[in-house]
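Student: sequence first, predicted coordinates after that:
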Amino acid sequence: MTEILYHTDSYLKEFEAEVSQVFPDMNALILDRTAFFPGGGGQSFDTGIIISDNQENRVKRAKTDPLGLLHFLEEGQPLPEISARVTGRINWERRYQIMRTHTAMHILCGVIFRDYGALVTGCDMDPLKGRMDFEFESLTGDLVAVIEKSVNAEVDAAREVKVRVFPREEAFKIPDLIRTKINLLPPHIQQVRTIEIVGLDLQADGGTHVNNTSEVGPIRIPDYKSKGKINKRIYVELSA
Ligand SMILES: [Zn+2]
């Protein structure tokens, strides 16, 4: 099992690790520990480099697979060998933009649940932009303008963002987590990681976030759209 370093430190940009498995046919490898996020929960995977013996291999993507957390390397360089000591370095510019975007999405869903009681039905993100679907009956331009103002007030409030890991049984007792449907978690998942925007939002979540809502910066809602009678989509954009 790979030790997942981003679970407890989202700001880790570089780390030392050992190669535990290599897959020459896929040009991929598994490390004993990693800070590369493999994608999931609407958040995109990390890219970066893995350095061994002064040789740099570009990581095209990281991905969770039944085999483990795979790092896919660019073709053209020899793969590091099993047991080799390597340095991993993630593409921080991309990752930090994604962390800010992911936190912006939590601000949006926290505000919409607090002010309108509407639940999220779907979510997708790229660096600096994303979209979220809500169980909302009617959404108008005026209402979207109010929502935009409210989410930016939460950025300005500089709320702390806390990461915690609970044993599964304990997590099930937290009433606010019910709306993120932790009861759908597969039984083999014994630990539940939570992301709390203090005073606004609490969710079970495996992704990476910033430590304070002020790091997100101004949030724009450039567009919205109806996706059905009780399903409305809201688009979000951040500044570079
Ligand atoms: Zn999330």
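Tutor: Perfect, thanks for sending it.
Student: the ion contacts on the protein?
Tutor: Within the chain, the positions near the ion by C-beta under 5 Å from the ion are 205, 207. In short, each C-beta sits where N, CA and C put it, glycine included.
Student: just give me the residue right at the centre of the chain.
Tutor: Taking C-alpha atoms, centre = their mean, the centroid of the chain lies closest to residue 207, which sits 2.9 Å from it.
Student: ok, for that one, nearest residue in space, not its chain neighbours?
Tutor: residue 43 (4.3 Å; C-beta to C-beta, 6 or more residues apart in numbering).
Student: give me every residue that touches that neighbour.
Tutor: Listed by C-beta atoms under 8 Å, 6 or more residues apart in numbering, the contact set of residue 43 reads 37, 98, 102, 125, 207, 208.
Student: quick one: it from residue 59, how far?
Tutor: From residue 43 across to residue 59, the span is 16 Å (C-beta to C-beta, to the nearest Å).
Student: next one: residue 225
Tutor: 35 Å.
Student: low-confidence bits of the chain, can you list those?
Tutor: 178-184 (pLDDT under 70).
Student: spatially nearest residue to residue 78, not counting backbone neighbours?
Tutor: Per C-beta to C-beta, 6+ apart, closest to residue 78 is residue 55, 7.6 Å.
Student: who has more neighbours out of residue 225 and residue 59?
Tutor: Neighbours were counted for residue 225 and for residue 59 using other C-beta atoms under 10 Å; residue 59 has more, 23 against 12.
Student: same for the helix or strand harbouring the more buried one, what does it pack against?
Tutor: Residue 59 is located in strand 55-65, with elements delineated by DSSP states H and E. Here strand 55-65 touches strand 48-52, strand 68-73, going by 3 or more C-beta pairs under 8 Å, 6 or more residues apart in numbering; DSSP states H and E.
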